[in-house]
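Asker: no sequence for this one, just the structure:
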């Protein structure tokens, strides 16, 4: 009789332990799924924003790319390159950040400000007799790094804006 009582108690305890264990793992799965969905919700708008952003730059920076891509700087390309850089700076300043990226908005705005500033610096330098684009390129790199951090925080690879817009 004692053996039957001990066996019944052990069986009841095992069933109770299994039931409690099943409830906890279900709760964890719901939380994990919700966190994954939130992270995924940011990825798509961020990539979409980046694509539109690079398209905007590429639509306006052809003359600047021609100047920077020349083996030897062609003085006749300076004025159009300066105008091109100024146009890009203005387009970046007018860029709107989607509402889906409100949590990342401050970081994105900071990155865009640095990138816009770099293009404006290029526009101003190209008006000089002997322009130096080193400071502008450093500011551009700073903005690209800031934007890359936003992507990394969203568990995405850091994009290479320099390659995307050249």
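Answerer: Cool, the structure landed. Computed from a predicted structure; not experimentally measured. Numbering: from 1, shown residues only.
Asker: Where does pLDDT dip in this structure?
Answerer: For the chain, the stretches with pLDDT under 70 are 1-40.
Asker: which stretches of it form helices?
Answerer: 2-58, 62-69, 78-93, 105-125, 134-153, 161-164 (DSSP state H).
Asker: Report the inter-axis angle for the third one versus helix 62-69.
Answerer: Right, helix 78-93. Per axes from the mean of the first three to the mean of the last three Cα atoms, to 10 degrees, the angle that helix 78-93 makes with helix 62-69 is 120 degrees.
Asker: what helices or strands is helix 78-93 leaning on?
Answerer: helix 2-58, helix 62-69, helix 105-125 (3 or more Cβ pairs under 8 Å, 6 or more residues apart in numbering; DSSP states H and E). Bear in mind the C-beta positions are built from the backbone N, C-alpha and C, glycine included.
Asker: Just the buried residues of it, please?
Answerer: Residues of helix 78-93 classed as buried by neighbour count (16 or more other Cβ atoms under 10 Å): 78, 81-82, 84-89, 91-92.
Asker: Adding distance to residue 130, write the residues you listed out as a markdown table.
Answerer: Below are those laid out as a markdown table (distance: Cβ to Cβ, whole Å):
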| residue | distance to residue 130 |
| --- | --- |
| 78 | 10 |
| 81 | 14 |
| 82 | 14 |
| 84 | 19 |
| 85 | 17 |
| 86 | 19 |
| 87 | 23 |
| 88 | 22 |
| 89 | 21 |
| 91 | 27 |
| 92 | 26 |
